[in-house]
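> please find the sequence and the predicted model below.
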Amino acid sequence: MLLGRVAGTLVSSRKDPSIEGIKLLIVRSLDADGEETGQSIVAMDAVGAGVDEVVLLAQGSSARQTEVTHNRPCDAVVMAIVDTWEVGGEERFHKHREGDGS
Amino acid sequence: MLLGRVAGTLVSSRKDPSIEGIKLLIVRSLDADGEETGQSIVAMDAVGAGVDEVVLLAQGSSARQTEVTHNRPCDAVVMAIVDTWEVGGEERFHKHREGDGS
Amino acid sequence: MLLGRVAGTLVSSRKDPSIEGIKLLIVRSLDADGEETGQSIVAMDAVGAGVDEVVLLAQGSSARQTEVTHNRPCDAVVMAIVDTWEVGGEERFHKHREGDGS
Amino acid sequence: MLLGRVAGTLVSSRKDPSIEGIKLLIVRSLDADGEETGQSIVAMDAVGAGVDEVVLLAQGSSARQTEVTHNRPCDAVVMAIVDTWEVGGEERFHKHREGDGS
Amino acid sequence: MLLGRVAGTLVSSRKDPSIEGIKLLIVRSLDADGEETGQSIVAMDAVGAGVDEVVLLAQGSSARQTEVTHNRPCDAVVMAIVDTWEVGGEERFHKHREGDGS
């Protein structure tokens, strides 16, 4: 899965009927240190993620394995909001210490 | 999903019978700022997109999840025409302000 | 889908039984201007493409959606021979003007 | 499949119900010489891998072919812990000689 | 599909039960001239390939379409041993002229 930060939202009125009502997010990819990699992706939202939240994305056919995205033309889904992660025994990201949670 | 701008069309007369009648588009990939990344892709059209329109593409097996592309050898589909998107609270693209919509 | 030019053929006598009788092509990838990108791929042939022809390839699970490749370990298939494409209202490729068609 | 070294763990409390109870690992990709490539991936754990262990990952739809990940939005799974590998008749990695096994 | 040369083997004792008994190969990727690209991949073996043999790999879900890999967490399979290929009417690789076949 891919780490990312929700950067914005996208609106489309003319679209395949199968994606009616689905929220589309612009997500910036993050590396394991929490730094932006420079790449962005448009993803469907399965968990109610908000702008600036750090999230986990599933891609490919696996992006269709949530209730929201099942059988839709979806190749990327936000399926978790990240609380914290650590690398080498050291915390690299903590949602609340970022100031976006509390 | 991938952002792109429809750049042109492609014609093939000798092809797998399963893609008879499908419109093929040449699409230039865009980043989250609306700039071309330099990469292009050929995609099937599920929404009647025209040249210069900014669109959303699904790739991989997810590209077969529209009515138009179901069960076809399709790994990229234009499945939405983008009206607008914003990043960091700022509008990065608006269809009508581009002059191609009104 | 990917644009490519058929560059050659590949022969294998010891192989998985499921690919017996399938023609294997070496294809050089092309960009939207018809220039080689420097990347090559081995693809199964579903349309009888010949060396030097410009073709369209489907990749991934979508490569198994032709009659020839169904249920085979095939991640790339030549599924159309390209007649012409245009970008920005200008023809970038025309099969017959290349001298390989007439 | 991809070689990697488990670098850390990730915690999420708000997530798609389908991934409840699944352990999420941060894995650094390794090349055939056992050197880090600089890329990281988040993967689900199907074998009880610990931090610093060298592992094998399956990606894409194949990541859903373990009992742990079946039908989940999982595009990367740790499905083996590597004991040893050799390239050109020479051992490039041995778990116990690394000091992390015995 | 991808061209590669078998470079070595990998051993794992703690692994998902679904891959018990499967041979794992380290394969170096080759370009259409037979030169190494610098990338390596771990693949399951469906054809009994030996070290130094030049092989063809299928990736993604297509890697599960051989009898050996069916329903396993396999995203790359060696499914053919290459005898010869030619590009531009010129032979670029011939198994026996390499000295590894006769």
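Perfect, thanks for sending it. Nothing here was measured: the structure is a model prediction, and the numbers come from that model.
> going by C-alpha atoms from here, please, whenever you check contacts or count neighbours.
Noted.
> chain B contacts on chain A?
Counting by C-alpha under 8 Å from any C-alpha of the partner chain, the residues of chain A close to chain B are A:7-16, A:18, A:26, A:39-43, A:51, A:60-61, A:64, A:71-76.
> report pLDDT for the residue lying farthest from the centre of chain A.
Distance to the chain centre peaks in chain A at A:Gly89, reaching 24.7 Å (criterion: C-alpha atoms, centre = their mean). For A:Gly89, the pLDDT comes out at 90.
> just the one 4 residues further on next, same as before
The model reports A:Phe93 with a pLDDT of 96.
> give the buried residues for the helix or strand containing it.
Using DSSP states H and E, the element containing A:Phe93 is strand A:90-94. Using 16 or more other C-alpha atoms under 10 Å in any protein chain shown as the test for burial, strand A:90-94 gives A:92-94.
> so is it next to chain D?
No - using C-alpha under 8 Å from any C-alpha, we find that strand A:90-94 stays clear of chain D, coming within 8.7 Å at best.
> and for stretch A:66-85?
Yes - contact of stretch A:66-85 with chain D (C-alpha under 8 Å from any C-alpha) involves A:66, A:79-85.
> low pLDDT regions in chain A?
For chain A, residues meeting the criterion pLDDT under 70 lie at A:99-102.
> which residue lies nearest the spatial centre of it?
Centre-most residue of chain A, counting by C-alpha atoms, centre = their mean: A:Val78, 3.5 Å.
> if I pick that residue, what's in contact with it?
Applying C-alpha atoms under 8 Å, 6 or more residues apart in numbering or on different chains, we find A:Val78 in contact with A:43-47, A:49, A:55-58.
> what do you get if the cut-off is 10 Å, keeping everything else the same?
A:1-4, A:6, A:24-25, A:27, A:42-49, A:54-59, A:63, A:66, D:15-16, D:73 (C-alpha atoms under 10 Å, 6 or more residues apart in numbering or on different chains).
> isn't there a strand covering it?
Yes - assessed with DSSP: H, G, I helix; E, B strand; the rest coil, A:Val78 lies in a strand.
> can you tell me how far it sits from A:Ile41?
11 Å (C-alpha to C-alpha, to the nearest Å).
> for chain A, which segments count as strands?
Taking DSSP state E as the test, the strands found in chain A are A:2-11, A:14-15, A:24-30, A:36-45, A:54-59, A:76-81, A:84-87, A:90-94.
> figure out which of these is closest to D:Gly34.
For the strands of chain A, the distance to D:Gly34 is smallest for strand A:84-87, at 18.6 Å, taking C-alpha to C-alpha.
> do I have it right that the residue farthest from the centre of chain A meets D:Val51?
Yes - assessed by C-alpha atoms under 10 Å, A:Gly89 is found in contact with D:Val51 at 8.9 Å.
> list the contacts for the closest residue to the residue farthest from the centre of chain A other than its chain neighbours?
Spatial nearest neighbour of A:Gly89, chain neighbours left out: D:Gly8 (7.1 Å); criterion: C-alpha to C-alpha, 6 or more residues apart in numbering or on different chains. The contact partners of D:Gly8, by C-alpha under 10 Å, 6+ apart, come to A:32, A:85-92, D:24-28, D:42, D:50-52.
> swap in 7 Å and give it another go.
Going by C-alpha atoms under 7 Å, 6 or more residues apart in numbering or on different chains, D:Gly8 touches A:86-88, D:25-26, D:51.
> hang on, the earlier thing: parallel or antiparallel, which strands does the strand holding A:Phe93 pair with?
Next to strand A:90-94 in the sheet, as set by DSSP bridges, lie strand A:84-87 (antiparallel).
> need the CA coordinates for the strand it pairs with. CSV is fine.
Once non-C-alpha atoms are left out, strand A:84-87 reads as follows in CSV (Å, rounded to 0.1, in the frame of the first residue of the first chain):
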residue,chain,number,x,y,z
THR,A,84,1.1,6.7,13.7
TRP,A,85,4.0,4.7,12.2
GLU,A,86,7.5,4.0,13.3
VAL,A,87,10.7,3.0,11.5
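> neighbouring contacts of that strand?
Against strand A:84-87 from outside (C-alpha under 7 Å, 6+ apart): A:91-95, D:7-11.
> from the chain's centroid, how far away is it?
Put simply, strand A:84-87 sits 17 Å off its chain's centre (C-alpha atoms, centre = their mean, to the nearest Å).
> go through the strands of chain A and pick out the most buried.
For the strands of chain A, the largest average neighbour count (mean count of other C-alpha atoms under 10 Å in any protein chain shown) is found in strand A:76-81, namely a mean of 28.
> by how many degrees do that strand and strand D:2-11 diverge?
Angle, strand A:76-81 to strand D:2-11, by axes from the mean of the first three to the mean of the last three C-alpha atoms, to 10 degrees: 40 degrees.
> the residue of chain A found nearest chain E: neighbouring residues, count only.
Residue of chain A nearest chain E, by C-alpha to the nearest C-alpha: A:Ser61 (9.8 Å). A:Ser61: 27 surrounding residues under other C-alpha atoms under 10 Å in any protein chain shown.
> for it, give me its contacts.
Counted by C-alpha under 7 Å, 6+ apart, A:Ser61 has contacts A:75, B:61-62, D:61.
> go on, A:Thr37?
A:Thr37 neighbours (C-alpha under 7 Å, 6+ apart): A:29-31.
> and those residues near chain E, which?
Among the contacts of A:Thr37, proximity to chain E is found for none (C-alpha under 7 Å from any C-alpha of the partner chain).
> show me what the residue nearest to A:Ser29 when sequence neighbours are not counted is bridged to.
Residue nearest to A:Ser29 in three dimensions, not counting chain neighbours: A:Gly4, with 4.2 Å by C-alpha to C-alpha, 6+ apart. As for beta bridges, A:Gly4 partners with A:Ser29, A:Val55 under DSSP bridges.
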